[in-house]
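[1] structure, please.
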Amino acid sequence: MDGDRACLCPIRGIINVIGRKWAICVISALMSAESMRFTELKAALEGISSRSLSNVLSTLEREGLVERRYYPEIPPRVEYSLTDMGRSLGDALRPLLEWIRAHDLEGGDTI
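    All right, here's what the predicted structure looks like:
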């Protein structure tokens with residue numbers, strides 16, 4: 001590889017995570033709050049199924065981007081929040097999200 005081109009190989013790992021449907025949306029929603037309950041996240045992400053939300057949360061938790069806190073109350077309470085690494089990823093994604101909004105691409109039909 002010549003010095004004029006940057007190798008994007010290291011980005012592949014995170015692309016496999018954030019490239020999953022709903023992953024960036026979940027990270028974005030959690031950026032706006034200290035923590036959120038499952039039902040709050042589901043309400044914030046119009047159109048996501050409970051199963052899809054559960055799967056993406058599990059993936060993000062396994063990758064160290066989301067923390068799941070269980071409170072043994074009656075009824076039990078679970079809250080999700082971004083880890084420090086998840087928050088720094090959200091900060092890195094913010095310019096991309098702003099670019100999408102600036103170009104009116106939020107519907108996804110244009111790209």
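
[2] buried set for the host helix or strand of Ser54?
    Element membership of Ser54, judged by DSSP states H and E, is helix 50-62. The neighbour-count check on helix 50-62 (16 or more other C-beta atoms under 10 Å) flags 52-53, 56-57, 59-60 as buried. Where C-beta positions appear, they are placed from N, C-alpha and C, glycine not excepted.

[3] ok, now stretch 18-38?
    Residues of stretch 18-38 classed as buried: 18, 22-27, 29-31, 36, 38 (neighbour count, 16+ other C-beta under 10 Å).

[4] take the residues you listed and keep only those in strands.
    Taking DSSP state E as the definition of strands, the buried residues of stretch 18-38 contribute Met36.

[5] per-residue pLDDT, Asp109?
    pLDDT, Asp109: 42.

[6] likewise for Arg51?
    On the pLDDT scale, Arg51 is placed at 97.

[7] if we can go back for a sec, who touches the helix holding Ser54?
    17, 20-23, 26-27, 38, 41-42, 45, 66-68, 80, 86 (C-beta atoms under 8 Å, 6 or more residues apart in numbering).

[8] just name the closest of those to Arg101, please.
    Ile27 (15.5 Å; C-beta to C-beta).

[9] who touches the spatially closest residue to the closest one that is not a sequence neighbour in this structure?
    Residue nearest to Ile27 in three dimensions, not counting chain neighbours: Gly90, with 5.1 Å by C-beta to C-beta, 6 or more residues apart in numbering. Counting by C-beta under 8 Å, 6+ apart, Gly90 touches 27-28, 30-31, 82.

[10] circling back to that earlier point, of the contacts of helix 50-62, which belong to helices?
    If you go by DSSP state H, those have 17, 23, 26-27, 38, 41-42, 86 in helices.

[11] switch the residues you listed over to CSV; also include distance to Cys9 and pLDDT.
    Formatted as CSV, those follow (distance: C-beta to C-beta, whole Å; pLDDT from 0 to 100):
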residue, distance to Cys9, pLDDT
Val17, 15, 88
Ala23, 20, 95
Val26, 26, 96
Ile27, 23, 95
Phe38, 35, 96
Leu41, 32, 97
Lys42, 35, 96
Gly86, 23, 96
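
[12] can you tell me which of the residues you listed is nearest Glu98?
    Checking the ones in helices among the contacts of helix 50-62 one by one against Glu98 (C-beta to C-beta), the nearest turns out to be Ile27, at 14.4 Å.
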